[in-house]
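**Q** Structure of the sequence below:
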Amino acid sequence: MPSTFAEEIFNVWIHLSVKINDEYCDFKELPPALLAQQGPIGPAQPKEQRKEITAGHRLLVLFKSD
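**A** Model prediction:
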């Protein structure tokens, strides 16, 4: 039996971690049918954005080039 509150919290945390791992170990990846519906991994690439910066009497146009 845990003697301190911290040990009790730690034991509950370990128990819950093991329980979740055991119950969901088969579901860490999507089934093939759902994977086929997914788009590319990661965020979409932003479209080229032009920003105009005025500095005094000069106009600078900045753009991203790959």
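
**Q** Quick check: next helix or strand after the host helix or strand of V12?
**A** Using DSSP states H and E, V12 maps to helix 5-24. Next helix or strand after helix 5-24 toward the C-terminus (DSSP H and E): helix 32-37.

**Q** where are the low-confidence patches of this protein?
**A** Low-confidence segments of the chain, defined by pLDDT under 70, span residues 1-2, 50-66.

**Q** Show me the residue at the heart of this protein, geometrically.
**A** For the chain, the residue sitting closest to the mean C-alpha position, by CA atoms, centre = their mean, is G42 at 9.1 Å.

**Q** Please give me every residue in contact with that one.
**A** Contacts for G42 (CB atoms under 8 Å, 6 or more residues apart in numbering) come out as none. From N, CA and C alone the C-beta is placed, and that goes for glycine too.

**Q** what are the phi and psi values for it?
**A** With angles defined as degrees, to the nearest 10, G42 sits at phi 100, psi 170.

**Q** The one 5 residues further on too?
**A** Listed backbone geometry of K47 is phi -70, psi 160, with angles given as degrees, to the nearest 10.

**Q** how deep is it tucked in, by neighbour count?
**A** With neighbours defined by other CB atoms under 10 Å, the count for K47 comes to 6.

**Q** Repeat that for A44.
**A** Neighbour count of A44, defined by other CB under 10 Å: 7.

**Q** how much space between Q49 and G42?
**A** Q49 sits 19 Å away from G42 when distances are taken as CB to CB, to the nearest Å.

**Q** What of H15?
**A** The span separating H15 from G42 equals 35 Å under the rule CB to CB.

**Q** in the helix holding V12, what's buried?
**A** Neighbour counts using 16 or more other CB atoms under 10 Å place no residue of helix 5-24 among the buried ones.

**Q** same thing with stretch 30-37?
**A** Within stretch 30-37, no residue is scored as buried using 16+ other CB under 10 Å.

**Q** Pull the distance from it to the chain's centre.
**A** Here stretch 30-37 is found 19 Å from its chain centre; the criterion is CA atoms, centre = their mean, to the nearest Å.
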